[in-house]
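S.K.: curious how this folds, go ahead:
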Amino acid sequence: MKVDQSYKRLIKVFFTFGIATMLIVLYGWTWISHYNRIIESPFFRRGNWMMIFLYGVLLVLFMSIYGGFKVGYLKKGNLIYSQVLSVIFTNIFTYLQIAVLDKHFLNPLPLIKMTGLDFLFIISWTVIYQWFYGKIFPPRKMLLISGRRSDYHLAEKINSREDKYEICQTINIQQGFCFLKNEILKYDGVIIGDISSHERNLILKYCFENSIRTYSVPKISDILLKSSVELNLFDSPLFLSRNEGLTIEQLLVKRLADISGALIGIGIASPLFLIIGILIRITDKGPVFFKQARLTRDNKVFYIYKFRTMVQEAEKDGVARLAEEGDSRILPIGHFLRRTRLDELPQLFNILRGDMSLVGPRPERPELVEEILKDIPEFQYRTKVKAGLTGYAQIYGKYNTTSYDKLKLDLTYIRNYSILLDLKLIFMTPKIMFMKEATEGVRSEVGK
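M.R.: Alright, predicted model coming up:
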């Protein structure tokens, strides 16, 4: 069964409405049948509606942040994980709200039972709906147009979403635009790989003319141009790129947020510092902390602090290299710390010192940057802002994302910076802490 693509948005709205309504109804029942009966000043009709409305606002907010409504966009497991995380945070905030309202902590058991029912509904609804969605919207038949460089990694990433895309044919741009024109019309969409701007423009215009969707890999200049300001001073539109980094006002607000966030983080995480330190000492009897030279704003070198996750003298040969999958140098406790990114917690002190920010491009080692710059001179653009504890590339990329793709993600952050974007990335960080693909090591190329 295949349904016209124009109905896709309507069907997504039905999914969103269905899951949000059911979760809100479950809370409404829990609030009215239990908590509103035991608080000192029970609410009546309007008060109850207000509490249910506030829960709905929180739920939609967290679902929007974590992608809980992105049916057909995220994989089934990722979608369920996003919804579960959204519900957990919503219910925690709601419990604290009730506690503040009644001026003491109430029995959380009814809310815990409600959360369990939420999980059951989320899993059932999403599995059934994703199955139904896949039946009526089968994977798009795609044509990949490759350039002079290999687009193997691009094809590999797209093929990993076989529920959404099926690359049926790959054609090199060198076969000529005339040949491509006839082939393009056979497919639902076109993926434009790393090709020259002139050839890409021809394909984009042709696909626009024939109402065929295109997926283009952006170049560095595309990201810079996309975030420019549109000027209408003349009868010809102009794009203004100031290229100055953050304004003085943004730097001030960001620094104040960094200090506040670091102090709060250190206070909350202090028990973890003690527990992790003891586990590392028991495992390897070496130093708990590890420091290493990294680069921050304007290529300034500083020493980053982390919990040690590898054996002592892991690079005693003096060669800098990233951790690989199954790396024998990683301590048993190190695997857990890396997977959850708890090894990064000591960097809260780097933030207090002003070396880093809560949000920004992850700091790289000077020797690794030196090697990357030989192939990607633009990689130094990342140091337009301070390095960060979390960042755009960490949220939307993976541990083994290529340096070129990391650069494009970090530039997207720099060029679209706002305090609201920082807050969004901070809230999204807990989601990726337990996602394996976001923290896995670099695959070894040995033997390939």
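
S.K.: quick check: which element contains V84?
M.R.: Using DSSP states H and E, V84 sits in helix 76-102.

S.K.: next structured bit after that helix?
M.R.: As assigned by DSSP H and E, the chain's next helix or strand after helix 76-102 is helix 109-136.

S.K.: tell me the mean pLDDT for that next one?
M.R.: The average pLDDT for helix 109-136 rounds to 94.

S.K.: how many neighbours does K384 have?
M.R.: Neighbours of K384 under the rule other CB atoms under 10 Å: 19. To be clear about C-beta, it is placed using only N, CA and C from the backbone, and glycine gets the same treatment.

S.K.: okay, the spatially closest residue to it that is not a sequence neighbour: pLDDT?
M.R.: For K384, ignoring the flanking residues on the chain, the nearest one in space by CB to CB, 6 or more residues apart in numbering is G245 at 4.6 Å. Looking at G245, its pLDDT reads 79.

S.K.: how about the contacts made by G245?
M.R.: 384-385, 414 (CB atoms under 8 Å, 6 or more residues apart in numbering).

S.K.: same list (those residues) but as CSV, adding pLDDT, distance to T283 and secondary structure.
M.R.: Listed next are the contacts of G245 as CSV, based on pLDDT from 0 to 100; distance: CB to CB, whole Å; DSSP: H, G, I helix; E, B strand; the rest coil:
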residue, pLDDT, distance to T283, secondary structure
K384, 92, 39, helix
V385, 94, 36, coil
I414, 93, 38, helix
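
S.K.: ok, those residues vs G286, which is closest?
M.R.: In terms of CB to CB, no member of these lies closer to G286 than V385, at 33.9 Å.

S.K.: tell me the contacts of the residue lying closest to that closest one once chain neighbours are set aside?
M.R.: Leaving aside its sequence neighbours, V385 sits nearest to G360 (CB to CB, 6+ apart; 5.2 Å). Contact analysis of G360 by CB under 8 Å, 6+ apart lists 385-389, 391, 413.

S.K.: buried only: go through the residues you listed for me.
M.R.: For these, a burial check counting by 16 or more other CB atoms under 10 Å picks out 385-389, 391, 413.

S.K.: so where is the chain shaky, pLDDT-wise?
M.R.: Residue ranges of the chain with pLDDT under 70: 1-6, 313-328, 399, 436-448.

S.K.: now the helix holding V84: how far from the chain's centre is it?
M.R.: Mean-position distance between helix 76-102 and its chain equals 19 Å (CA atoms, centre = their mean, to the nearest Å).

S.K.: could you number the chain from 51 rather than 1 from now on?
M.R.: Okay, residue one is now 51; in that scheme the one you just asked about reads as helix 126-152.

S.K.: packing partners for that helix?
M.R.: If you count contacts as 3 or more CB pairs under 8 Å, 6 or more residues apart in numbering; DSSP states H and E, helix 126-152 packs onto helix 58-80, helix 95-116, helix 159-186, helix 469-483.

S.K.: can you pull the buried residues of it?
M.R.: For helix 126-152, burial by neighbour count (16+ other CB under 10 Å) applies to 126, 128-137, 139-141, 143-145, 148.

S.K.: between the longest helix seen in the chain and helix 469-483, how big is the angle?
M.R.: Longest among the helix segments of the chain by residue count, using DSSP state H, is helix 298-334. With axes from the mean of the first three to the mean of the last three CA atoms, to 10 degrees defining the directions, helix 298-334 sits at 20 degrees from helix 469-483.

S.K.: beyond helix 298-334, next helix or strand please.
M.R.: Toward the C-terminus, helix 298-334 is succeeded by strand 339-345 as the next helix or strand (DSSP H and E).

S.K.: residues making contact with that following strand?
M.R.: 351-360, 396, 413-416, 419, 433, 437.
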